[in-house]
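A.B. asks: give the three-dimensional model of this entry:
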Amino acid sequence: MKRLVRKMLMGNTTFSEYSRITISGDVQDKAWLEFDGKVVDVSLSHWLLCIEPLVFGVWIGQGLSPDGKYQLRFSDAAIVRLQLLHRIEDNGGVLLLLEVKHCQLLQLDPIRRWLLYYRYYSRDKMSYDKFKGFVAAYSHPRRVRLVSFRETDQYNIFPMDLLGEIPLQNKYVFGLRHSNRTLERIVAAGRIVVSEVPAACEDIVYKLGKHHSTSPPQLEALPFRVKCTKGFKFYYPSWALGYKEIRIRQSFNMGSHMLLWGEIEGEEKVNEGDAHSYLIHFLQYLHLRGQAHG
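C.D. replies: Here you go, the predicted structure:
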């Protein structure tokens with residue numbers, strides 16, 4: 001009976017809380033910010049930056065200074081209502097930090113969505129509203145990158161997807177969890193490095209996730225060879241596609257995560273390639289799979 005129910009919910013797909021996908025070039029999925037009767041394409045300029053509460057960072061250009069109600073729409077997958085938490089003014093525009101207040105999911109049918117939640121997610125004591133928030137947030141692919149920091153003989157390298165580059169502005173934004181053992185030192189030093197990594201190395205990248213809360217091994221024990229960036233002398237994998245050295249200019253406590261707002265000081269392309277690893281929610285994966293077979 002359980003096998004029959006599982007097949008009805010997911011077909012022959014193996015359950016995974018989040019699904020990895022590979023995308024070459026830019027993400028083609030669309031996201032729009034709606035406010036004051038305007039609709040702005042933010043497909044390449046919005047990021048999930050905090051988990052508790054759920055907070056999106058959205059960059060909008062000069063001449064737009066919205067207040068009041070905001071709504072993010074992710075193609076045919078989800079609609080999210082938001083409230084302004086904080087804003088950072090910059091010469092080229094403004095970064096809005098928007099807290100999620102309500103999510104409307106459009107993937108699958110309501111009964112199937114609820115049954116998937118009840119079967120696989122409720123056991124972790126996640127509320128249905130929080131579940132909907134994660135589904136909505138990861139309806140849009142979130143690229144995984146490697147972040148590195150170094151201070152004398154201490155270092156850390158770990159993957160992140162709560163981050164992103166501001167298009168054409170030479171700026172970067174991060175949402176680092178307060179439990180990250182390196183956060184205080186990153187804020188104090190005001191420096192961080194982001195590496196673009198090939199999808200072919202995603203298994204190695206995801207295994208580095210434990211470095212968020214535990215001490216990394218000696219360099220010799222890493223499963224790859226490292227090099228040093230030109231300016232900061234931070235470590236990065238020799239197979240990285242490239243890296244950016246970023247000077248942190250501002251920080252802001254969003255809740256479970258700290259916002260870091262920085263400026264790119266140096267960058268280097270190292271290897272050829274444009275295929276990157278992204279995360280989407282499992283419900284979005286089922287939704288796309290259903291479209292492909294529809």
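
A.B. asks: R143 and Q28: what is the separation?
C.D. replies: Applying Cβ to Cβ, to the nearest Å, the value for R143 to Q28 is 13 Å. Every residue, glycine included, has its C-beta placed from N, CA and C.

A.B. asks: looking at those two, which one has more neighbours?
C.D. replies: Taking neighbours as other Cβ atoms under 10 Å, R143 and Q28 compare with R143 leading, 18 against 9.

A.B. asks: residues in contact with that one?
C.D. replies: Neighbour list for R143: I23, V27, D161, G164, H276, S277, Y278 [criterion: Cβ atoms under 8 Å, 6 or more residues apart in numbering].

A.B. asks: please redo it, this time with the cut-off set to 7 Å
C.D. replies: Contacts here follow Cβ atoms under 7 Å, 6 or more residues apart in numbering; on that basis R143 touches D161, H276, Y278.

A.B. asks: shaky segments in the stretch 1-150 of the chain?
C.D. replies: For the stretch 1-150 of the chain, the stretches flagged by pLDDT under 70 are 1-12, 63-68.

A.B. asks: now Y138, nearest residue through space, not along the chain?
C.D. replies: The spatial neighbour of Y138 that comes closest, neighbours along the chain excluded (Cβ to Cβ, 6 or more residues apart in numbering), is H281 at 3.7 Å.

A.B. asks: let me fix that: F74
C.D. replies: In space, and not counting its chain neighbours, F74 is closest to S139: 4.4 Å by Cβ to Cβ, 6+ apart.

A.B. asks: just checking, that neighbour is part of a strand?
C.D. replies: No: assessed with DSSP: H, G, I helix; E, B strand; the rest coil, S139 is coil; it does not lie in a strand.

A.B. asks: now the strands for the stretch 1-150 of the chain?
C.D. replies: 18-24, 31-35, 38-41, 46-50, 55-61, 70-74, 78-90, 93-105, 142-143, 145-151 (DSSP state E, counting those that start in this stretch).

A.B. asks: can I get those strands in TSV including distance to R177?
C.D. replies: Putting the strands of the stretch 1-150 of the chain into TSV (distance: least, Cβ to Cβ, whole Å) gives the following:
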stretch	distance to R177
strand 18-24	16
strand 31-35	23
strand 38-41	29
strand 46-50	9
strand 55-61	13
strand 70-74	22
strand 78-90	17
strand 93-105	16
strand 142-143	15
strand 145-151	12
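
A.B. asks: most packed of these?
C.D. replies: strand 46-50 (a mean of 25; mean count of other Cβ atoms under 10 Å).

A.B. asks: mind listing what it pairs with, with the direction of each?
C.D. replies: Sheet pairing for strand 46-50, assigned by DSSP bridges, gives strand 55-61 (antiparallel).

A.B. asks: can you list the residues that contact the host helix or strand of E265?
C.D. replies: Per DSSP states H and E, E265 falls inside strand 257-269. With contacts defined as Cβ under 7 Å, 6+ apart, strand 257-269 is touched by 49-51, 88, 95, 97, 162, 170-178, 183, 192, 230-231, 242-252.

A.B. asks: after that strand, which helix or strand is next? Please name it.
C.D. replies: Following strand 257-269 in sequence, per DSSP H and E, is strand 275-281.

A.B. asks: quick one on the thing from earlier: out of the strands of the stretch 1-150 of the chain, which gets nearest to P198?
C.D. replies: Among the strands of the stretch 1-150 of the chain, the nearest to P198 by Cβ to Cβ is strand 18-24 (9.4 Å).
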